[in-house]
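Visitor: Got a predicted model here, sequence first, then my questions.
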Amino acid sequence: MNPWVDAALVLLLVLTAGGALLTRNLIGAVFILSCYSFVLALNWAWLGAVDVAFTEAVVGAGLSTVFFLMALFLTSPEEARSPHHRGHWLALGGLLALALLLVRAVKDLPRMGDPASAPNAYLSPVYLQRSLEDTLTPNVVTSIVMDYRGFDTLIETTVIFTAGIACALLLRREH
Amino acid sequence: MIQPYDSLIAQTLCRVLIPWLQLYGLYVLVHGHVSPGGGFVGGVVIGGTLLLSLLVYGNGPVSRMITRFATYGEGMGLLLFAALGTLSLLWAGEFLNYGSVSVPGWEGPVRRWTGILLTMVGVFVDVAVVAVAIFYSLSPDNVEQGHD
């Protein structure tokens, strides 16, 4: 773990997120957001979560970009800002307070890779030791997601199905 | 009507690229046991190639078949997943405990391996179909333009 790579990846993440927020041209913002997803995928891969990185790269940088562009072609590619700016300071203060709370909470998290932390002490070893003999699956992520915790994945699949149905109900013209 | 994108470069490139991308999507699906990926990522890759072909070639007969499948086939992957979970109830196992489904000649781990593969296929179909369905819902001819 090279701290300079960590810093560079996080800096890129903040830069692309800020760029996507500040750009007035929404098509440009969508493409910067796609870059953001790709940098996020690099972050995940650097932290060792390759499955999450793969999903983030494919969904965040690929599919959602197409959906955002389609939505923009139906509306307008220019951002319309509302003239009422009164609530802004309140929102900024609230976000800062939330950020402080989150930074405070990070102190209580176990260090990454700490062998004495609760999940690493008794949960992960069981999966790592038994995945191959239980399910013949060397990729432990797949065996956890699809077998040990299949119910979670079933509900996630239901969520995706619901998204498709909701889009169809809201947007499709009756034939 | 989704218009074809009138560019020789894009059309030729997609004709070469799309089969390889779809092969890659299937590879990601069936290699989910040993490498990163699995049903979700494979489904998104296949859904993406279908969207690419719809964007570049427009609403041809094959594309119309794809969109019709996306309209009426939504939920098939979810059904496959849930049906597999229910199947293990028949052998007095817990819901989604594929190891309890007794197949003669198959050890418990092999059953669970097969269960993982089939549920991944379920997620794969669900994600690919929903990707095309959302795209189709967002395409201009399907969106209500005011009340007339």
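Guide: Right, received. Where do you want to start?

Visitor: Name the residues of the one helix or strand in chain B whose mean pLDDT sits lowest that come out as buried.
Guide: Every helix and strand of chain B was ranked by mean pLDDT, DSSP states H and E. The lowest is helix B:61-72, at a mean of 80. Going by neighbour count (16 or more other CB atoms under 10 Å in any protein chain shown), the buried part of helix B:61-72 is B:S63, B:I66, B:T67, B:F69, B:A70, B:T71. For every residue, glycine as well, the C-beta is placed using N, CA and C.

Visitor: Check these one by one and keep those near chain A.
Guide: Restricting these to those within reach of chain A (CB under 8 Å from any CB of the partner chain) leaves B:T71.

Visitor: so which of the buried residues of helix B:61-72 comes closest to A:L12?
Guide: Nearest to A:L12 among those is B:A70, at 35.7 Å by CB to CB.

Visitor: which residues make contact with the least confident helix or strand of chain B from outside it?
Guide: With CB atoms under 8 Å, 6 or more residues apart in numbering or on different chains as the test, helix B:61-72 has contacts from A:A168, B:I2, B:L50, B:S53, B:L54, B:Y57, B:N59, B:V129, B:V132, B:A133, B:Y136.

Visitor: what pLDDT does the closest residue to A:I165 other than its chain neighbours get?
Guide: Leaving aside its chain neighbours, A:I165 sits nearest to B:E74 (6.5 Å; criterion: CB to CB, 6 or more residues apart in numbering or on different chains). With respect to pLDDT, B:E74 has a value of 85.

Visitor: and B:E74, how far is that from B:S139?
Guide: 16 Å (CB to CB, to the nearest Å).

Visitor: returning to that earlier point: could you dump the buried residues of helix B:61-72 to JSON lines with distance to A:G164?
Guide: Compiled in JSON lines, those are given as follows (distance: CB to CB, whole Å):
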{"residue": "B:S63", "distance to A:G164": "18"}
{"residue": "B:I66", "distance to A:G164": "14"}
{"residue": "B:T67", "distance to A:G164": "13"}
{"residue": "B:F69", "distance to A:G164": "13"}
{"residue": "B:A70", "distance to A:G164": "8"}
{"residue": "B:T71", "distance to A:G164": "10"}
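
Visitor: just to revisit the earlier point, I'd assumed A:F161 was in contact with the residue nearest to A:I165.
Guide: Yes. Contact status for B:E74 versus A:F161: in contact at 6.7 Å, counting by CB atoms under 8 Å.

Visitor: Which neighbours do the two have in common?
Guide: Contacts common to B:E74 and A:F161, judged by CB under 8 Å, 6+ apart, are B:V130.

Visitor: Please say which of those two ends up with more neighbours.
Guide: Between B:E74 and A:F161, counted using other CB atoms under 10 Å in any protein chain shown, the more crowded position is A:F161 (22 against 19).

Visitor: Next, work out how far apart that one and B:G75 are.
Guide: For A:F161, the distance to B:G75 - CB to CB - is 6 Å.

Visitor: Understood, closing this out.
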